[in-house]
Each structure stands twice: as structure tokens, then as C-alpha cells.
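>>> show me how the following folds:
(chains A and B)
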Protein chains: 2
Amino acid sequence: MPRQVPVIALDAMGGDYGPEVTVPAALDCLEEFKDLRLILVGQQEAIEAQLARYAVPQSDRLRICHASQVVTMDDLPSKALRGKRDSSMRVALNLVRDGQASACVSAGNTGALMAMARFVLKTIPGIDRPAIIVSLPSKHGHTHILDMGANVDCSAEHLYQFAVMGHELVRAVENIEAPKVGLLNIGEEEIKGNEQVKQAAKLLANSHLNFIGYVEGDDIFMGEVDIVVTDGFVGNVALKAVEGLVRMLGQALKDGLQSSVYNRLVGVLALPVLKSLKHRFDPRRYNGATLLGLKGIVIKSHGDADRYAFANAIRMALLEIDKAVPQRIGERVASAICAQADLGLPARVKSA
Amino acid sequence: MPRQVPVIALDAMGGDYGPEVTVPAALDCLEEFKDLRLILVGQQEAIEAQLARYAVPQSDRLRICHASQVVTMDDLPSKALRGKRDSSMRVALNLVRDGQASACVSAGNTGALMAMARFVLKTIPGIDRPAIIVSLPSKHGHTHILDMGANVDCSAEHLYQFAVMGHELVRAVENIEAPKVGLLNIGEEEIKGNEQVKQAAKLLANSHLNFIGYVEGDDIFMGEVDIVVTDGFVGNVALKAVEGLVRMLGQALKDGLQSSVYNRLVGVLALPVLKSLKHRFDPRRYNGATLLGLKGIVIKSHGDADRYAFANAIRMALLEIDKAVPQRIGERVASAICAQADLGLPARVKSA
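Next up, the predicted model:
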């Protein structure tokens, strides 16, 4: 079977900077991937104005799909869902649903994107709720964590489903045959975990997954686990806490290296080592969270992504198209559901 | 009223290093605080062996209280509670209960310490559950967070009680008249928070506290909130994640500054600025978590605390004795319960 030409629909209006960032990032990716096609969805004039800045020759690999509305960061998801049917976000998702694109990338409002994606694309049979998965740097590579905020209250079955989805994604995009799955918990014996976590551990221990047991917050960075499973409340708080700390430390280092003539000189001399560290831990390299569990590929970019970061989110979409991630999850969930039925688990998991 | 002489009972056997760390830290504090008295609780021989190393002159400010057992890090809290009644941890808590000491400091097993402290000292009337509060560095000072792992599932009333306790502690030890209280949540509108968090926000908004509303994970470090309230699962994961990240970044910086002759030279030149940063964010400076809500002062030191860090936990105990933290919480809770009764809240809060 010949490989299909990848087509990605970009919500060109999303994020803090809109076309100012999405258009040049799109052009960078077209330059890098010679068979890639992109559809820039959004207000035609605004997109054309940006394209004009870069003097791009006409190409059938890039087209604009006009959408009159824009979802703002303040829009309530339910209102955006009902009231912004001609938004760039919604139209980009429609293109995926209609088979005109294989993935959608948006830097817009996360809640609205999740609500619209669920409504437009639907979830994979067997998956109750989509989850958001991100990748963070660790000692020996990186760790994938889900859910990062889509689901506040999660049952044991939801956590189990997150693990199955994360497993397939990581197998596909990292080429790890049996990625190590850990369940996020706290260290105190006896009061270890709430009921959902304890039940999820049982489901995972009886599954096909390479479940290594409970992990704690610091294990995210220790490099001994590939996938960390938790609910969206805990995941979101942990991610934001880590981001806040990095910002604070970065600022303190910057201030420290500005605090005297001597320290400014040290700062200049230290540039090579600081640059290499910055590159290794640069959040822009890790930009592109996947909305996992949908019948289509949806990548959420950070709202404040710049050109380099947004291009990384497009690269992530391309990789997931190449690896057919939703199809793999669909197949795995179907077989996992059968396996669970054999274990005599409740009907609501089996029939999901 | 003349100020009472402060007496602190130290679990001399607790932590990864036992008397090797607790004894010199105790001596440092006796040197620093001229009216302080310390009771070293634990195996007499082991403690005397350490004291001998430091050639300490006899002093009525330091005495040993023999306890034959030691709670290990692997002991289950319930087993330690039942089976280790002559442990250094338990005997140190007994001294507080019996009025022979005003505070207990232990670097031992957190779960066992919490279980024993609740059993021996009891909770303050009106407080359902004690919580663990820690302080972390922020942009403009530091932020106090609770609960850090004592309570996995928390109701709205529990979160509210945590806020009341944190408020009194921070008022007392930081001399802030109306510390800013934030409730940890995630940023997505509509799916904002689970039921407990939403209900807790209502209780807090109607309270005497300076409640600034929801905060997110990164706000812990932004310096705009004094007390962050969350359940023990989320708090513990966030704290551990942050610790893990700091370790990873510290190691990466160290490796980077060792990676070539040039970088080693840069590392030497950068020592002053690195040292000042290390001092500002040194976790040892922040050692000493308070078990809040008990009828006595109990400070938990990190298990791997060194002499400097353990001495900081003793200093924290001393400060809380000086400020009579449990008494202040008791008074405040009594009046808060009355206020809640006026608001027509459920009987179980009123009668707690």
C-alpha cells in the first residue's frame, strides 16, 4: 500500500500570536518535510497578510481554508461549541472528520479544543474519555504523562484506559516494544493512594501492559518509567508546578548573572554550557500535547508557543500520522476489552 | 507572665542517619539558643557514643531519655503504633503529651509519626484531620502548602480546616496580618476543579480568611500567595515532582560544568553566583514540615536531613513554641466553628 500524503489542518488563529506564529511555523515545516501538505484554517486576510511577509511562491502543498470566527482563550468550552461553528478551530477539526486532513494542530483554548474534538471526531470505541498526554525531559530521555487536565475525576477504569492509550502512543512514537507504565501515587504505606488508584493498580497488574507499579512525583524525572498515569487534576497541578519552578529558577539564574560586572562576565563565559542545558530542557522542544483517545489526531500546542515551538507541534502531528496512532489505539482497546471480559470485569468496562 | 523555657524532645534515632545527625544538630542549637533545652530520645549507648565524639561538657540543658525501640522507614504506621510503644518516636511524643517537652522533632517514618502523633496528642477540637504543611521558596519569599500527604481524600470541610490552620501558622511565624490563601485548582473553565474544591471555595469565600481564590501549580512559586491549600495526594505529588526536577537540573548543571576543561574553569568562576543561588533555594533551609492540627507541636524533618537541615527543623519547632501555634489554632477554630454555625452549615462541621 503506498504511503498516503500527510495533510495537516492548522488552526491558524489559535494561541497568543495567531497567524504571526502559525504561518511561519507552517512554512518551516513545508520546507523540512517535502511531502507534507498543510491547510491554514482561519481568517483569509490575516493569513494572507502573513504569507505576503514571507514572499512564498504559490504551492499546491499549502492552502487556506477560510473560517470567520475565532475561539478566544476566555471562551467557555460549551459556548464555543454551540456558538463558534465557523471558528478556525472547529473547521480544522471538521477537515479531519471529513478525511480532508489526517490531523489538526491548535494552540487555542484547551477546554474548547477538547470539547469540540470530542463532539466532532468522537472517541474511539472502548475509550470513555480522551486524555491529554505530554512528554517531559527526564534523566535518560523523556517521560510521557497523562492525563494533564482533561479529566478531573477519574475512575479506576479511566486510569486503566489512559494507560492503554499511553502505551500505544509511546510504543509507536518512541519505538519501545514494552514501555514501562507507572501509576502516580504517594509514598506513605497504608494510606497509599485513594480507592481509584488502588483499583487501577489491580487492573494494570492484570493487563498486557508492562506495569512497574506505583511511582511518585520525582520519578517523572528519574528516567525509570516511560508512561506515568494519573488523573487530570494531579497531572495538571504537577505540570504547572514544574513549569513555575523552571521559570523561577531561570529568572533567578538570569538575575544572578546580571548582578555584578564579574557575574556578567561569568555569564558570557558560561554561555556554551547554559545554551546546551537550555536546549536539553527547552519546553519549546516538548511542545505538542496529544489529545489521545479520539478518532483522529489532535495536537494541542502551548498558547504562547513561538514559531519554533509551534513547528514542533506540527512535527508531532506528522509523527502520529505516520504511526497511525488512533488506529493502533483502536485495535489495542478492542483486544484489551476482550481480555478484560475474560477477567470478569464489570459490564460497563466490557460494553464501553 | 514569664516566658517558659522551651524544651524540645528529639527523636534521636529517626531518619537515615540517626544520632550521627541528630546529636550534632542538637548541639548546634544549644549553642545558638541559650535558653533552649533538649531531650535526646533513643538508645542511650548510641546517643552517648555521638556525644562523646563532640566532647560536650555536662549540661542540664541536654538530657538523654532512653527508648529501646526504633521505628524504621519500612514500618507500617499501624504496626509501629501497636508494636513500638518504647520507640524513640513514641517516647518523644509522650514527653510532649505529659508536658515535659513543648515540641517533638523527628526525621523518622512520616506515616508512623502522623499515626502516633494523632494517637498520643489527639487533634485540636474542631479539626477532623491533622495536615502536613511545608514552606517552599518563591519569587518574593516563600509559600506554605498543605496538605503534603497526610490525607488522600479530602472533603470541602477538610480543605477549609487546612486553610484555617495554615492561616494561623503563617500569621504567627511570618508576622503577616492577613496572609493570602489560595485554593489549588486547574485552569480549565467549566471543568474547573472537582466537587470538593468547588465547595471548599464557597466555604473559604464566606470565611474570615483573606481568600484570593483559585491558584494553579505555577502560582506556588510566583510569590502572590502565602498559603496554598490542597489535598494530600495532589500536594505530595507536586512537592515530589518539584524535588525530582531540582535534582535532575542540579545534576545536569554539575555534569555540564564537568564536561570539558573550559567548562570546569567556568564552573570555578561561577562558584559565587552558583553558591548564592544554591543558598537561596537550598531545600535544607526549608527542612521542617509541621504536623498541623494536633494538641502539640510536631515537626517532621526530611529523612535524609544532614546536621544543618535537622537543626533547621529544631529552629522551626522553637519558633512554633514561641508563637504558641497550637493554642492559636485552637482559639481560631473555636471561633470559626461559631461563625460557620451562623452560616447554617451542616451539623457535622458545627459539632466537630
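
>>> how many neighbours does residue A:54 have?
Using other C-beta atoms under 10 Å in any protein chain shown, residue A:54 is surrounded by 10 other residues. No exception for glycine: its C-beta is placed from N, CA and C like everyone else's.

>>> who touches it in this structure?
A:23, A:24, A:27 (C-beta atoms under 8 Å, 6 or more residues apart in numbering or on different chains).

>>> near chain B, which of the residues you listed show up?
When C-beta under 8 Å from any C-beta of the partner chain is applied, no member of those is adjacent to chain B.

>>> so which of these belong to helices?
Counting by DSSP state H, the contacts of residue A:54 place A:23, A:24, A:27 in helices.

>>> looking at those, which one is closest to residue B:251?
Checking the ones in helices among the contacts of residue A:54 against residue B:251 with C-beta to C-beta, the nearest one is residue A:24 at 35.8 Å.

>>> so how far is chain B from the spatially closest residue to the closest one that is not a sequence neighbour?
Using C-beta to C-beta, 6 or more residues apart in numbering or on different chains and skipping the chain neighbours, the partner closest in space to residue A:24 is residue A:307 (4.8 Å). With the distance defined as C-beta to the nearest C-beta, to the nearest Å, residue A:307 ends up 24 Å from chain B.

>>> wait, what's in contact with residue A:278?
Counted by C-beta under 8 Å, 6+ apart, residue A:278 has zero contacts.

>>> and the strands in chain A?
Using DSSP state E, the strands of chain A run over A:7-11, A:37-42, A:62-66, A:103-106, A:131-138, A:141-146, A:180-184, A:210-215, A:227-229, A:289-292, A:297-300.

>>> may I have the strands that pair with the first one, each with its orientation?
Yep, that's strand A:7-11 we're talking about. strand A:37-42 (parallel), strand A:103-106 (parallel) (DSSP bridges).

>>> give me the mean pLDDT for that strand.
Here strand A:7-11 scores 97 as its mean pLDDT.

>>> who's in contact with it?
With C-beta under 8 Å, 6+ apart as the test, strand A:7-11 has contacts from A:22, A:26, A:36-42, A:65, A:88-89, A:91-93, A:95-96, A:100-108, A:314, A:317-318, A:321.

>>> and that strand, which residues are buried?
A:7, A:8, A:9, A:10, A:11 (16 or more other C-beta atoms under 10 Å in any protein chain shown).

>>> which residue lies nearest the spatial centre of chain A?
With distances taken as C-alpha atoms, centre = their mean, the residue of chain A nearest its centroid is residue A:289 (1.1 Å).

>>> and that residue, what does it touch?
When contacts are counted by C-beta under 8 Å, 6+ apart, residue A:289 touches A:132, A:133, A:134, A:148, A:299, A:300, A:301.

>>> count of neighbours near residue A:79?
The burial count for residue A:79: 15, using other C-beta under 10 Å.

>>> what of residue A:287?
Neighbourhood size, residue A:287 [other C-beta under 10 Å]: 26.

>>> end to end, how far does stretch A:249-267 reach?
End-to-end distance for stretch A:249-267, by C-alpha to C-alpha, to the nearest Å: 15 Å.

>>> spell out which parts of the stretch 51-200 of chain A neighbour chain B.
Near chain B, when you scan the stretch 51-200 of chain A using C-beta under 8 Å from any C-beta, you find A:76-78, A:110-111, A:137-139, A:149-153, A:184, A:186-191, A:193-195.

>>> and those residues, which are buried?
A:77, A:110-111, A:137-138, A:149-152, A:184, A:186, A:188-189, A:191, A:193-194.

>>> quick revisit: could the ones in helices among the contacts of residue A:54 go into JSON lines alongside neighbour count and pLDDT?
Formatted as JSON lines, the ones in helices among the contacts of residue A:54 follow (neighbours: other C-beta atoms under 10 Å in any protein chain shown; pLDDT from 0 to 100):
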{"residue": "A:23", "neighbour count": "29", "pLDDT": "96"}
{"residue": "A:24", "neighbour count": "20", "pLDDT": "96"}
{"residue": "A:27", "neighbour count": "19", "pLDDT": "95"}
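
>>> tabulate the residues you listed (TSV), appending distance to residue B:238.
Output for the ones in helices among the contacts of residue A:54, formatted as TSV (distance: C-beta to C-beta, whole Å):
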residue	distance to residue B:238
A:23	37
A:24	36
A:27	39
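
>>> just curious, which of the residues you listed is nearest to residue A:115?
Of all the ones in helices among the contacts of residue A:54, residue A:23 has the smallest distance to residue A:115: 26.0 Å, by C-beta to C-beta.

>>> check contacts around the closest one.
Going by C-beta under 8 Å, 6+ apart, residue A:23 touches A:12, A:40, A:47, A:50, A:51, A:54.

>>> repeat the analysis, applying 7 Å as the threshold.
A:12, A:40, A:47, A:50, A:51 (C-beta atoms under 7 Å, 6 or more residues apart in numbering or on different chains).
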